[in-house]
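Chemist: can you look at this prediction? I've put the sequence above it.
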Amino acid sequence: MTKQVKQLDRVIIRFAGDSGDGMQLTGDRFTQETASFGNDLSTLPNFPAEIRAPAGTLPGVSSFQLHFADHDIMTPGDAPNVLVAMNPAALKANVDDLPGGATVIVNTDEFTKRALAKVGYDSDPLTDGSLAEFKVSPVPLTSMTVQALADFDISKKDAQRAKNMFALGLLSWMYNRPTEGTLGFLKSKFAGKPEILAANLAAFQAGWNFGETTEDFAVSYEIKPAALPPGTYRNITGNLAVSYGLIAGSRLSGLPLFLGSYPITPASDILHELSKHKRMGVRTFQAEDEIAGVGAALGAAFGGSLGVTTTSGPGMVLKAETLGLAVMTELPLLVIDVQRAGPSTGMPTKTEQADLLMAMFGRNGESPVPVLAPRSPSDCFDIAIEATRIATKYRTPVIVLSDGYLANGSEPWRIPDVSELPDLSVEFTTEPNGDDGEFLPYRRDPETLARPWAVPGTPGLEHRIGGIEKGDGTGNISYSPANHDLMVRSRQAKIDGIARDIPELEVDDPTGDARVLVLGWGGTYGSIGAGVRRVRRAGGKVAQAHLRHLNPFPANLGEVLGSYDRVLVPEINLGQLALLLRGRFLVDVISYTKVRGLPFKAEELAGVVQEVIDRV
Amino acid sequence: MKDFKSDQEVRWCPGCGDYAILAAFQGFLPELGVPRENIVIVSGIGCSSRFPYYLSTYGMHSIHGRAPAIATGLAASRPDLSVWVITGDGDGLSIGGNHLIHALRRNVNINVLLFNNRIYGLTKGQYSPTSEAGKITKSSPMGSLDTPFNPVSLALGAEAGFVARTIDSDRQHLTSVLRAAADHEGASFVEIYQNCPIFNDDAFEPLKDPAERDMRLLRMEHGEPLRVGADRGVVMGDYGELKVADIAEVGEDALVRHDAHRADPGYAFALSRMDYPAFEHVPIGVFRDTSRPTYDELMAEQLGGAESRGGAEELASLLAGGDTWTVR
């Protein structure tokens, strides 16, 4: 039977099921298939903090959303065109996000009276008409998988567990995905368990065959590869990109990488990834706590390593004191904060960008620290290199504000040519710098205001540093009023001066006469960009700019802000950048905020932007 | 140049035990045979933590309690350095207790010198985690309620491979313990009884008074019988506990011969409990000196000599790993 193939330009699919149903794996495999096909894509994993919440309950629902297209896209999409719901809980938790006409593929085997009652369905939504506005495809996923695996020597439980592969096979058929990658992945994952491997391969194939033969699925879809700039690509998450960026930073600077870290969601994957690369000279130290993680990184920096610590909000709080010591001792140190919803434990697996003011000011005394924020998963690579550059050149701790959305979300990344990456070579001080042949550990470079970095093991440059105020030049303990005033101002001037060494803020304003500017920072870049596109398509004029450097700001920021009638600042916090802009530039920006633990929707931002335009 | 004095003026209270420890340490460093540029002193906060400023080596006067963590990063990334942590009973056992025990169990190649004066000095006289229960101080006018730590017991419980105790006023003994600590590969922990003349004067007087000290001090020498004065010695009880007995009664052969190299820490722990109550018998010297691979060595092994390897190709192949596709 030859089925109809329909051309689409983009699709948003959401896989949803129990935490134990393997939805993250299913989504990830579908993403890899899609990436290798050459579509542009963006993903949004969304999962509970509990490892296994009670089966069949709403809090236990785990989902993975993927947006893929034949053109460049900026977000994981607002609303799914297709929902795969593995049980009633998955349907209930996600159905409100579906637009009319969406396709819903449900695993009917799980729609038992008991399972329905567990999530508060009084009647079966598959039969009571409540899903009338959707195209519902009921598929007995579990029983068909078990049936397909009847001849295998595996337990019923293992057979049922393979139902995610059946679903993946079906969806792979529907969207004409290349399957070699998934087959290869399964072969290596289950290399030691031949029966389980055979069962998963068979389940995947059964799902594919079901799509091809059943009358229920009359159409399959084709989404042509996107016309991305030439190059070799891979799909990459923010956490993986940070890890690679740190390794690259270490190689480019010639400094061995030392990571001191304590496990915390959603940053742990950076620790896991870097721990794999000991053979590249990467030292990873799983510390007894967050404080020891940053302490060890600073100790390693004193010894001449590229010291790094990775964490999330609650860990940042604990590291504050050591960051102050790094400010005082003027040593390079990278602090990666993968922000999550707070305060306190907050919502560990949900995203937010509410650590900005803590990064700026969360230390005692005048304690300036450069702050950077990546704008997309792949930008995490470039930001890690930029953080390395600033930290080593200016001898300062640098905070990178990633977030849970960037960390786990993925997109295609054009793999850079290593020879195009910047040279960040660091030269340690090896000779005395004083006028009388002595070593002055706090005599500053006149241009960067950085102090010399002389590492232990260098004869003749023995010196003592620490957290007590340093005398200018000598670094000896000093309580002199004039010296303290000088040192506080010098440390501030050093960080402020970095503004001369970073790119100016670029404004995207295609018509050149927009009167409204949308200014964002960090992980909201994609949503804002997609919202702005919608407005422009509808004929609206709007300019967009996005900050990657939060401290210091790009030198032209004040000028940019002053050239628009209104400036809209969307943030996933209660207006932290807006507060900084108002305070620094006396510009009455419009703050638009939402803190739902999820990225902005493009549609929503388009509406907000349009409203501002209409009022100008 | 054999002098390890820095150009900074030493500023402790007159009569502080820290002077004696500093003098012994400065006197000992030349015999360590390590060039001064390869020695790093890391300290936390407190009177003792001023130490790095007074030595002409590399040093970091860090933040309260965190010196073992900072030293861990330094030692693990620079196995060529001789790293010393200077801490006190408040710094090392209270705010920094967690870092101390973990550095010891990991067996990072550092030497920890804990100056125990059983009081907070720099903050002017509050009771510390080693102050005796019932201690009257500014923050405990009716007597402190805390049971004190025994630093040696704590270090042994934290799997320390080298644990010793010495006294600020006995320079010869202090120097011999420093020597043994430096010779030990891996984490070494040395408790130094140190007198604070301002807030806890004479805390260790029973161990210093010539009339009394020989009845109380138990000088441990590996392979030698444990003696207290001329007539008494240490015997083992039914449950492995140690007690002092008259040699005339139990006979010379019944005395326990000190064995610092026992793999099982039970014996060293029993020794550490002999000072209760109130310094009745105080073992000084090396409680335990055993060896196991150090954290730095194990880490270097996992790196597999990676530091000398690798170039642009290696980075390029890392970045291009995984599933890739090409757009032309």
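Modeler: The structure has been received and is ready for your questions. Numbering: from 1, shown residues only, chains lettered A, B, ... in the order given.
Chemist: any chance you could map the helices in the stretch 101-250 of chain B?
Modeler: B:151-157, B:171-183, B:205-208, B:210-216, B:247-250 (DSSP state H, counting those that start in this stretch).
Chemist: can you give me the buried ones in the fourth one?
Modeler: Along helix B:210-216, the positions that meet the burial threshold by neighbour count (16 or more other Cβ atoms under 10 Å in any protein chain shown) are B:213, B:216. Backbone N, C-alpha and C define where each C-beta goes, glycine included.
Chemist: elements contacting it?
Modeler: Contacting helix B:210-216 under the criterion 3 or more Cβ pairs under 8 Å, 6 or more residues apart in numbering or on different chains; DSSP states H and E are the following elements: helix B:205-208, strand B:227-228.
Chemist: any idea how far the residue nearest the centre of chain A lies from residue A:380?
Modeler: Nearest to the geometric centre of chain A sits residue A:406, at 1.4 Å (Cα atoms, centre = their mean). As defined by Cβ to Cβ, to the nearest Å, residue A:406 lies at a distance of 6 Å from residue A:380.
Chemist: what residues are shared contacts of those two?
Modeler: Between them, residue A:406 and residue A:380 share the neighbouring residues A:238, A:374, with contact defined by Cβ atoms under 8 Å, 6 or more residues apart in numbering or on different chains.
Chemist: list the beta-bridge partners for the residue of the stretch 351-500 of chain A found nearest chain B.
Modeler: Proximity of the stretch 351-500 of chain A to chain B (Cβ to the nearest Cβ) peaks at residue A:466, 3.0 Å away. With DSSP bridges applied, the residues forming beta bridges to residue A:466 are residue B:61.
Chemist: tell me who's in contact with it.
Modeler: Going by Cβ under 8 Å, 6+ apart, residue A:466 touches A:325, A:328-329, A:477, B:52, B:59-62.
Chemist: out of these, which is nearest to residue B:240?
Modeler: residue B:62 (39.7 Å; Cβ to Cβ).
Chemist: from residue A:302, how far out is the residue of the stretch 351-500 of chain A closest to chain B?
Modeler: Look at residue A:466 and residue A:302: by Cβ to Cβ, they are 11 Å apart.
Chemist: now do residue A:459
Modeler: Spatial separation of residue A:459 from residue A:302 under the definition Cβ to Cβ is 17 Å.
Chemist: for residue A:523, same thing?
Modeler: Between residue A:523 and residue A:302 the distance, using Cβ to Cβ, works out to 33 Å.
Chemist: then stretch B:59-70 to PDB, C-alphas only?
Modeler: Extracted as PDB, the C-alpha positions of stretch B:59-70 are listed here (Å, rounded to 0.1, in the frame of the first residue of the first chain):
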ATOM      1  CA  GLY B  59      51.000  31.500  51.100                       C
ATOM      2  CA  MET B  60      47.300  32.100  51.200                       C
ATOM      3  CA  HIS B  61      45.400  33.500  54.200                       C
ATOM      4  CA  SER B  62      42.000  32.400  53.100                       C
ATOM      5  CA  ILE B  63      38.500  32.400  54.700                       C
ATOM      6  CA  HIS B  64      37.200  30.800  57.900                       C
ATOM      7  CA  GLY B  65      37.400  27.100  57.900                       C
ATOM      8  CA  ARG B  66      38.000  26.600  54.200                       C
ATOM      9  CA  ALA B  67      41.800  26.200  54.100                       C
ATOM     10  CA  PRO B  68      41.600  22.400  53.700                       C
ATOM     11  CA  ALA B  69      39.300  22.800  50.600                       C
ATOM     12  CA  ILE B  70      41.600  25.400  49.000                       C
END
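Chemist: how about the residues of the stretch 151-300 of chain B that lie near chain A?
Modeler: Counting by Cβ under 8 Å from any Cβ of the partner chain, the positions of the stretch 151-300 of chain B adjacent to chain A are residue B:299.
Chemist: just confirm residue B:162 contacts residue B:288, I think it does.
Modeler: Yes: the pair residue B:162 / residue B:288 is scored as a contact, 6.4 Å apart, by Cβ atoms under 8 Å.
Chemist: highest neighbour count among the contacts of residue A:466?
Modeler: Counting neighbours by other Cβ atoms under 10 Å in any protein chain shown, the top entry in those is residue B:62, with 32 neighbours.
Chemist: which one is residue A:572 nearest to, not counting chain neighbours?
Modeler: Once flanking residues are discounted, residue A:572 sits nearest to residue A:353: 4.6 Å by Cβ to Cβ, 6 or more residues apart in numbering or on different chains.
Chemist: what's the first-to-last distance across stretch A:277-296?
Modeler: Taking Cα to Cα, to the nearest Å, the first and last residues of stretch A:277-296 lie 19 Å apart.
Chemist: and chain B, is it touching that?
Modeler: Yes: figure legend: stretch A:277-296 in contact with chain B (Cβ under 8 Å from any Cβ); contacting residues A:277-283, A:285, A:287-289, A:291-292, A:295-296.
Chemist: run through the bridge partners of residue A:543.
Modeler: Beta-bridge pairing of residue A:543, defined through DSSP bridges, involves residue A:517.
Chemist: work out for me the element residue A:185 sits within.
Modeler: Assigned by DSSP states H and E, residue A:185 belongs to helix A:180-189.
Chemist: which secondary structure elements does that helix sit against?
Modeler: With contacts taken as 3+ Cβ pairs under 8 Å, 6+ apart, helix A:180-189 sits against helix A:23-37, helix A:163-174, helix A:194-213.
Chemist: at 6 Å what do you get?
Modeler: Here helix A:180-189 touches helix A:23-37, going by 3 or more Cβ pairs under 6 Å, 6 or more residues apart in numbering or on different chains; DSSP states H and E.
Chemist: contact partners of the helix it packs on?
Modeler: The contact list for helix A:23-37 (Cβ atoms under 6 Å, 6 or more residues apart in numbering or on different chains) reads A:15, A:17, A:41, A:43, A:45, A:62, A:64, A:66, A:68, A:164, A:168, A:177-178, A:181-182, A:235, A:412, B:323, B:325.
Chemist: CA atoms of that helix as PDB?
Modeler: What follows is helix A:23-37 as a C-alpha-only set of coordinates in PDB (Å, rounded to 0.1, in the frame of the first residue of the first chain):
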ATOM      1  CA  MET A  23      10.100   9.700  27.400                       C
ATOM      2  CA  GLN A  24      13.300  11.700  27.700                       C
ATOM      3  CA  LEU A  25      15.200   8.900  25.900                       C
ATOM      4  CA  THR A  26      12.400   8.700  23.200                       C
ATOM      5  CA  GLY A  27      12.500  12.400  22.700                       C
ATOM      6  CA  ASP A  28      16.300  12.500  22.600                       C
ATOM      7  CA  ARG A  29      16.400   9.700  20.000                       C
ATOM      8  CA  PHE A  30      13.800  11.400  17.800                       C
ATOM      9  CA  THR A  31      15.800  14.600  18.100                       C
ATOM     10  CA  GLN A  32      19.000  12.800  17.000                       C
ATOM     11  CA  GLU A  33      17.200  11.300  14.000                       C
ATOM     12  CA  THR A  34      15.800  14.700  13.100                       C
ATOM     13  CA  ALA A  35      19.200  16.400  13.500                       C
ATOM     14  CA  SER A  36      20.900  13.900  11.300                       C
ATOM     15  CA  PHE A  37      18.200  14.500   8.700                       C
END
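Chemist: tally of neighbours for residue A:580?
Modeler: 21.
Chemist: for the nearest residue in space to it that is not next to it in sequence, grab the count of nearby residues.
Modeler: Spatially, and ignoring its direct neighbours in sequence, residue A:580 is nearest to residue A:360 (7.1 Å; Cβ to Cβ, 6+ apart). One way to gauge burial is a neighbour count; for residue A:360, by other Cβ under 10 Å, it gives 19.
Chemist: now residue A:360, what's its secondary structure?
Modeler: For residue A:360, the secondary-structure state derived from DSSP: H, G, I helix; E, B strand; the rest coil is helix.
Chemist: now do the one 3 residues further on
Modeler: In the three-state summary, residue A:363 is assigned as coil, counting by three-state DSSP.
Chemist: got the contact list for it?
Modeler: Residues counted as contacts of residue A:363 (Cβ under 6 Å, 6+ apart) are A:320, A:323-324.
Chemist: of those residues, select the buried ones using a ChimeraX command.
Modeler: A single ChimeraX command suffices to select whichever of the contacts of residue A:363 are buried according to 16+ other Cβ under 10 Å:
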select /A:323,324
